[in-house]
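# return atomic coordinates for the entry below.
(one chain, ligands or ions: 6)
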Amino acid sequence: MDVRHEGCVLLFMALVSLCAAQPSTVFPDGSLERDFQTWLAFVHATSDPSSFGQSLQLSDTSENKDGSSGIVPDVLGKLKHKIANAEKNKRLIVVAQDGSGDFRTITEALLAVPMKNKNRTIIYIKSGIYSEKIEIPKTKPFITLLGDGENQTIITGNATAGDLVHQFPFDTSLRTYHSATVGVNSNYFIAKNIRFENTAPAPNPGEIGKQAVAFRISGDSAAIYNCSFYGAQDTLYDHSGRHYFKNCYIQGSIDFIFGYARSLYKNSQLHSIANGIGSITAQKRNDTILNSGFSFVNCSVTGSGNLYLGRAWGDRSRVVYAFTYMDNIILPEGWFNWGDPSRNKYAVFYAQYKCGGPGANTDSRVAWARELTPKEAKPFLSIAFINAKNWLQEL
Ligand SMILES: *[C@@H]1O[C@H](CO)[C@@H](O)[C@H](O)[C@H]1NC(C)=O
Ligand SMILES: *[C@@H]1O[C@H](CO)[C@@H](O)[C@H](O)[C@H]1NC(C)=O
Ligand SMILES: *[C@@H]1O[C@H](CO)[C@@H](O)[C@H](O)[C@H]1NC(C)=O
Ligand SMILES: *[C@@H]1O[C@H](CO)[C@@H](O)[C@H](O)[C@H]1NC(C)=O
Ligand SMILES: *[C@@H]1O[C@H](CO)[C@@H](O)[C@H](O)[C@H]1NC(C)=O
Ligand SMILES: *[C@@H]1O[C@H](CO)[C@@H](O)[C@H](O)[C@H]1NC(C)=O
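Ligands and ions are numbered 1, 2, ... in the order given. Model (predicted):
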């Protein structure tokens, strides 16, 4: 997300109203409808636990594409065994700034985890403000970061996409991806009771290189409980894989939940600090083969500004809000096609289901936004949406 279009947002406001006037969701070539039906069929198939093996087959290639493991039925047993073993052989590492633990920094604790780690390793980070830039490598799965509470254990940073990186032969910029205070590349990650921050100031409209990620998750099968994410532009890079967020607080201004992942957000608060126009999501599904999308269930949208529920960063972007309270800060049109009418024409999928609050009124939504029927909504409401039956231990 390095070449961005914040400056264009205002310009395209006029376009948005134009687009809103365009009727119909079914197009001559049927593409949007077909893509939607394919997705529904996929999610329905994977929703039924008895068809789990079958659905894995069905989704085999696409599972790989969204960053997940691409498991097939004959290795399902092995996978279960691997996860069970990892959870059986737990290891605890304590991080405390006062020296009472195994290490004083999270960085040191992570170095102590072996490559090709096979055992659930709980890094218990005691209260404190940790100014560390952390990247958990792909070779270290099964890591849990456990804090003392979202206001007690704080991991903070202030890197931005435009920060210069000195390297031969040319200096380069950090880019959005590497601006994250905490970046996770490994699978089976868990975080609990921690605050992740990027304290770089909110950019002015049109300013470039100011994206500042607090947390990036690129590994598959991750669960995040009771965590808060503080930032402005691009707070939470929900990059790729299948993820579960529960009881979280996510603060930002523009595109503060963005990426290619397939994620379920439950019981979470999405809090805007936008001064003017902002957007909660920028989901980047850009190919029909990606089974990616964000589903928000029983969440609340609060704060300031005039917000889009989503901007179509990817031209096949998909976002659903269900049973979600929306404060009076949502732009009536609701969604933005990123200034590219072909995006709403050819298959962005944006919907609401039984949302409430003054911002939830769908009367003036763009014509290409949907209100789901109970049957359509069902697959988005449970952990089946992220195929989590085999790897998630619901808390
Ligand atoms: C996992 O834990 C088991 C049992 O404690 C131990 O034998 C094994 O060496 C550990 N393996 C790794 C890769 O951490
Ligand atoms: C953390 O602090 C914020 C405000 O500073 C507050 O709204 C929130 O409830 C606190 N969280 C917990 C778990 O106490
Ligand atoms: C950014 O973080 C660094 C390291 O913690 C700190 O030295 C610096 O003062 C911070 N900059 C700003 C603008 O907050
Ligand atoms: C989440 O935080 C609340 C308040 O601090 C606490 O009561 C609850 O046990 C926490 N949940 C988990 C899963 O740790
Ligand atoms: C909805 O979320 C709130 C917290 O935001 C929680 O107290 C409540 O139990 C949740 N309801 C359901 C049905 O999960
Ligand atoms: C989707 O985006 C990724 C990352 O930017 C890119 O590698 C890929 O080619 C894109 N796919 C399509 C169909 O544009």
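# where does the prediction get shaky in the stretch 51-200 of the chain?
51-76 (pLDDT under 70).
# for it, what lies in contact range of ligand 1?
Applying C-beta under 6 Å from any ligand atom, one finds that the stretch 51-200 of the chain approaches ligand 1 through 89, 114, 117-119. For the C-beta atoms, the positions are set from N, CA and C on the backbone; glycine is no exception.
# between those residues, which has the most around it?
residue 117 (18 neighbours; other C-beta atoms under 10 Å).
# tell me how far that residue lies from residue 79.
According to C-beta to C-beta, to the nearest Å, residue 117 and residue 79 sit 16 Å apart.
# then residue 267?
From residue 267 to residue 79 the distance is 28 Å (C-beta to C-beta).
# residue 279 too?
Residue 279 is 36 Å from residue 79, by C-beta to C-beta.
# circling back to that earlier point, for the residues of the stretch 51-200 of the chain next to ligand 1, name the two members farthest from one another.
89 and 114 (12.4 Å; C-beta to C-beta).
# which stretches in the stretch 51-200 of the chain count as helices?
Assigned by DSSP state H, counting those that start in this stretch, the stretch 51-200 of the chain shows helices spanning 52-58, 60-65, 73-88, 106-111, 175-178.
# ugh, wrong one, the stretch 201-350 of the chain
Under DSSP H, counting those that start in this stretch, the stretch 201-350 of the chain gives helices at 341-345.
# any residues of the chain in contact with ligand 3? List them.
Close to ligand 3, as judged by C-beta under 6 Å from any ligand atom, the chain has residues 131, 158, 199.
# which residues does the residue nearest to the first one when sequence neighbours are not counted contact?
In space, not counting the residues next to it along the chain, residue 131 is nearest to residue 156; the distance is 5.5 Å by C-beta to C-beta, 6 or more residues apart in numbering. With C-beta atoms under 8 Å, 6 or more residues apart in numbering as the criterion, the residues that contact residue 156 are 129-131, 181, 197-199.
# if I pick the closest residue to residue 213 other than its chain neighbours, what's in contact with it?
In space, and not counting its chain neighbours, residue 213 is closest to residue 180: 4.0 Å by C-beta to C-beta, 6+ apart. Listed by C-beta under 8 Å, 6+ apart, the contact set of residue 180 reads 135, 157, 159, 198, 213-216, 237.
# any idea which residue sits dead centre in the chain?
For the chain, the residue nearest the mean C-alpha position is residue 238 (2.9 Å; C-alpha atoms, centre = their mean).
# do you know how far the residue in the stretch 1-150 of the chain positioned nearest to ligand 2 is from ligand 1?
Nearest residue of the stretch 1-150 of the chain to ligand 2: residue 150, at 5.1 Å (C-beta to the nearest ligand atom). Note on residue 150: its distance to ligand 1, by C-beta to the nearest ligand atom, to the nearest Å, is 29 Å.
# equivalent analysis for residue 327, please.
In terms of C-beta to the nearest ligand atom, residue 327 sits 47 Å off from ligand 1.
# thought that residue was touching residue 305?
No - using C-beta atoms under 8 Å, residue 327 and residue 305 do not qualify as a contacting pair, with a distance of 10.3 Å.
# got a list of contacts for stretch 198-208?
Contacts of stretch 198-208 (C-beta under 8 Å, 6+ apart): 4, 6-7, 9-10, 156-160, 162, 179-181, 210-214, 230-233, 235, 253-254, 273, 275-276.
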